[in-house]
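>>> For reference, the sequence and a predicted model appear below.
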Amino acid sequence: MQMIGKAGKVAAIAAIAALALTACGRTEPTTPGGASGAAGFPQDSSIGVALPQKTSENWVLAEKLFNDGLSSAGFKADVQFANGGVSEQQNQISAMITKGAKVIIVGAIDGAQLGTQLQQAKDSGATIIAYDRLLLNTANVDYYVAYDNFKVGVLQGQALLDGMKAKKPTGPYNIELFAGSPDDANAKVFFDGAMSILKPKIDDGTLKVVSGQTTFEQAVTQGWKAENAQRRADTLLTGSYTTASLDGVLSPNDTLARAVLTSVKAAGKPLPIITGQDSEVESVKSILAGEQYSTINKDTRKLVEHAITMVKDLQAGKTPEVNDTKSYNNTVKTVPAFLLPPVIVTAANVKTAYVDDPVLGPLTK
Ligand code: BGC
């Protein structure tokens with residue numbers, strides 16, 4: 001998969017050895033004081049959760065779920081958003097260390113800018129869990145818990161193709177590509193996953209990126225901001241689609257998908273097939289209304305629940321369960337990960353996809 005570095009083979013061998021040692025994937029700590037947090041810690045310890053900016057609904061939901069879940073497990077929950085940017089997040093992590101956090105869970109704004117704070121956290125004896133977004137260029141990250149980001153991109157790329165084909169059985173199809181924020185480690189992984197499906201079709205002429213903007217750098221949306229995607233969509237429409245029709249748009253998430261649709265509507269053009277991610281309320285409504293084509297269901301409740309299970313294991317001196325020890329190399333180490341499977345949602349399954357969801361369930365009945 002993506003991000004398998006030089007360490008990939010070594011990690012794979014280690015993974016096989018680890019599996020041989022345990023039937024359920026859970027190993028007993030072997031390195032006291034090491035990544036396993038072998039000694040455990042008091043139940044009422046402080047647990048830091050450093051969240052990024054509120055760039056999509058999933059983060060807002062995560063805040064509440066972490067506060068409720070950690071508190072009801074007896075921990076002191078210290079959950080912070082860094083809407084002011086990277087330096088605010090750095091300060092928040094430093095403050096968590098000062099308060100004696102035993103575990104620090106980090107959803108990074110910029111996964112490559114926290115090296116100093118993560119070193120201090122490690123020196124203080126805390127265990128560090130990267131949440132949703134990988135922490136880059138550091139040895140000081142013990143675990144990663146996320147939905148499989150590359151798979152998200154693959155599902156988006158395939159949905160874009162399927163949606164366009166259902167509307168117009170034969171190509172060529174005119175498309176444009178949008179990516180997330182370049183400081184978020186996930187953004188390139190989503191894009192690479194989608195391009196693993198789309199690139200061969202661009203190469204064989206089935207897909208035409210009329211603007212010619214096919215690289216990640218050309219497709220990025222700074223800060224995951226809707227206004228940036230909308231502005232780029234406006235420019236693409238006036239620059240490349242005065243006569244050509246726009247059949248499809250790869251959008252990495254729901255916020256940006258709705259921004260692009262706003263731009264297309266303002267230009268008075270027919271709506272393209274467009275992908276998304278996060279199952280945001282407005283996008284699920286848009287799918288029901290036949291506008292946005294797809295989203296991805298990455299149930300935040302399950303992700304937070306697994307992160308809290310890891311904290312509970314560490315508290316008890318157990319090594320948290322992981323299910324992937326080869327995919328996420330952060331340039332310094334391959335981070336043991338627990339990956340959850342993302343699910344594609346279109347009009348075809350929107351009424352069944354969210355049966356267990358307290359908000360989206362009633363909305364899609
Ligand atoms: C998350 C996405 C989200 C994006 C913007 C990414 O790191 O994985 O679910 O849409 O950030 O908030």
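Yes, it's here. This structure is a prediction, so every number in the text was calculated from the model and none was measured. Numbering: from 1, shown residues only.

>>> Could I get the full set of strands for the stretch 1-150 of the chain?
Listed from the start of the chain, the stretch 1-150 of the chain has strands (DSSP state E, counting those that start in this stretch) covering 46-51, 76-81, 103-106, 127-131, 143-147.

>>> angle of the second one against strand 46-51?
Pointing back at strand 76-81 there. Orientation note: strand 76-81 sits at an angle of 20 degrees relative to strand 46-51 (axes from the mean of the first three to the mean of the last three Cα atoms, to 10 degrees).

>>> Report the buried residues of strand 76-81.
For strand 76-81, a neighbour-count test (16 or more other Cβ atoms under 10 Å) marks 77, 78, 79, 80, 81 as buried. Glycine gets a C-beta too; all of them are placed from N, C-alpha and C.

>>> Which of those residues sits closest to the ligand?
Using Cβ to the nearest ligand atom, residue 81 comes nearest to the ligand of these, at 12.0 Å.

>>> From the ligand, how far off is the residue lying closest to the closest one once chain neighbours are set aside?
In this structure, residue 81 finds its nearest non-sequential neighbour in residue 51, 5.0 Å apart by Cβ to Cβ, 6 or more residues apart in numbering. Distance from residue 51 to the ligand, counting by Cβ to the nearest ligand atom, to the nearest Å: 10 Å.

>>> residues in contact with residue 51?
Residue 51 makes contacts with 59, 62, 63, 79, 80, 81, 82, 107, as judged by Cβ atoms under 8 Å, 6 or more residues apart in numbering.

>>> hmm, try it at 10 Å
If you count contacts by Cβ atoms under 10 Å, 6 or more residues apart in numbering, residue 51 has them with 59-60, 62-63, 66, 79-83, 89, 92, 105-109, 131-132.

>>> when you check the ligand, which of these turn up near it?
residue 132 (Cβ under 6 Å from any ligand atom).

>>> Make a ChimeraX selection of the buried ones in the contacts of residue 51.
Burial among these is assessed by 16+ other Cβ under 10 Å; the matching ChimeraX selection reads:
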select :59,62,63,66,79,80,81,82,89,92,105,106,107,108,109,131,132
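
>>> quick one, the helix or strand that residue 202 is a member of and strand 127-131 angle?
Following DSSP states H and E, one finds residue 202 within helix 185-203. Orientation check (the same axes, to 10 degrees): helix 185-203 against strand 127-131 gives 40 degrees.

>>> Can I get helix 185-203 in PDB? Just the C-alpha atoms.
Output of helix 185-203 as PDB, limited to C-alpha atoms (Å, rounded to 0.1, in the frame of the first residue of the first chain):
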ATOM      1  CA  ALA A 185      -0.900  14.100   6.200                       C
ATOM      2  CA  ASN A 186      -4.100  12.500   5.100                       C
ATOM      3  CA  ALA A 187      -4.700  14.700   2.100                       C
ATOM      4  CA  LYS A 188      -2.000  13.200  -0.100                       C
ATOM      5  CA  VAL A 189      -3.000   9.700   0.900                       C
ATOM      6  CA  PHE A 190      -6.700  10.300  -0.100                       C
ATOM      7  CA  PHE A 191      -5.500  11.800  -3.400                       C
ATOM      8  CA  ASP A 192      -3.100   8.900  -4.100                       C
ATOM      9  CA  GLY A 193      -5.800   6.400  -3.300                       C
ATOM     10  CA  ALA A 194      -8.200   8.100  -5.800                       C
ATOM     11  CA  MET A 195      -5.500   8.400  -8.400                       C
ATOM     12  CA  SER A 196      -4.700   4.700  -8.200                       C
ATOM     13  CA  ILE A 197      -8.200   4.300  -9.800                       C
ATOM     14  CA  LEU A 198      -8.300   7.500 -12.000                       C
ATOM     15  CA  LYS A 199      -4.800   7.700 -13.400                       C
ATOM     16  CA  PRO A 200      -5.100   4.700 -15.700                       C
ATOM     17  CA  LYS A 201      -8.300   6.100 -17.000                       C
ATOM     18  CA  ILE A 202      -6.700   9.500 -17.600                       C
ATOM     19  CA  ASP A 203      -3.800   7.700 -19.400                       C
END
